[in-house]
Structure formats: C-alpha cells, structure tokens
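Visitor: Using only what follows, build the 3D model:
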Amino acid sequence: MAIGIYFAPSAMTADKYEQCLQALRKAGAGHPPGRTYHASFGEKDNLMVFDVWTSQAAFDKFGKTLMPILQQLGLDAKPSVMPMHKVIVPADQALRMYIRTVSGAKIAMMASAPTIDHTKWLPTVP
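Guide: This next block holds a predicted model:
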C-alpha cells in the first residue's frame with residue numbers, strides 16, 4: 001500500500017535541507033527506489049518535507065540511511081506516516097509510471113488514461 005510521509009523537523013533551514021540532499025546523494029540514496037514523489041516546502045528557515053512511497057518497507061529501507069544523516073545535521077525529525085487514499089498525476093506521468101511498473105503489458109491501452117491510482121498501481125479513467 002502506498003504511504004505518505006510528512007517530516008516537520010524543528011528549524012530545518014534551506015541550508016540544512018541541501019546538506020541532507022548532498023549526504024543522501026553521497027550515500028547513493030539520492031533517488032531511492034520506492035519514492036514516487038518528494039517535495040520540500042515552507043519558509044527558508046523552517047522547511048518541511050512530504051513524500052509518497054510505494055510501501056512502508058521501501059521507506060523503512062531508505063530510513064536506515066536518512067535518519068542517521070538527519071541526526072548528524074542536528075535535525076530531530078520523527079515522520080508522520082499515513083496511508084494514501086489517491087494520488088492523481090498528469091496523463092503523461094501516469095503513462096511513464098505505468099510503463100515502469102507493468103512488464104509486458106499492452107501499453108497502447110494506457111494512451112488515453114489521464115490518471116493513475118497510486119494506491120493500486122492500476123490505471124483509472126475519470
């Protein structure tokens with residue numbers, strides 16, 4: 001099941017966020033498998049993060065790299081984990097995601113599907 005992860009560490013500045021990204025890239029975790037969406041938002045002196053993951057297991061594996069980095073940067077962040085109900089993406093992105101996740105399928109069927117339901121990884125048509 002897809003999950004949403006929300007981090008709101010106290011006083012995560014834009015500089016600390018960039019340091020975290022750099023450390024993750026250095027550790028080979030800049031684009032971890034299972035993360036389908038990442039956004040940082042907020043004021044430059046108080047950023048928060050929201051991710052969408054394909055599963056708790058995928059996030060847990062990434063967390064083994066992420067959490068020590070956050071601790072090294074002095075960021076106290078305990079993630080809030082929530083099940084995803086639905087994620088709607090643009091049609092071209094849905095097609096790319098479908099191609100990546102379904103091996104050997106007849107891709108032509110997806111050409112007209114404008115959205116994909118991340119919670120089931122199946123195409124949906126509104």
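Visitor: The longest helix along the chain: what's the following helix or strand?
Guide: In the chain, with assignment by DSSP state H, the single longest helix is helix 56-72. Next along the chain after helix 56-72, taking DSSP states H and E as the criterion, comes strand 80-83.
Visitor: quick one: that following strand to chain centroid distance?
Guide: 12 Å (C-alpha atoms, centre = their mean, to the nearest Å).
Visitor: contacts for that strand?
Guide: 1, 2, 3, 4, 5, 6, 7, 8, 56, 59, 119 (C-beta atoms under 8 Å, 6 or more residues apart in numbering). To be clear about C-beta, it is placed using only N, CA and C from the backbone, and glycine gets the same treatment.
Visitor: Pairing partners for that strand, with directions?
Guide: Strand pairing for strand 80-83, determined by DSSP bridges: strand 3-7 (antiparallel).
Visitor: What segments of this protein are helices?
Guide: 14-26, 56-72, 91-101.
Visitor: Out of those helices, flag the one nearest residue 32.
Guide: Relative to residue 32, the nearest member of these by C-beta to C-beta is helix 56-72, separated by 4.4 Å.
Visitor: relative orientation of that closest one and strand 3-7 in degrees?
Guide: Put simply, helix 56-72 runs at 10 degrees to strand 3-7, going by axes from the mean of the first three to the mean of the last three C-alpha atoms, to 10 degrees.
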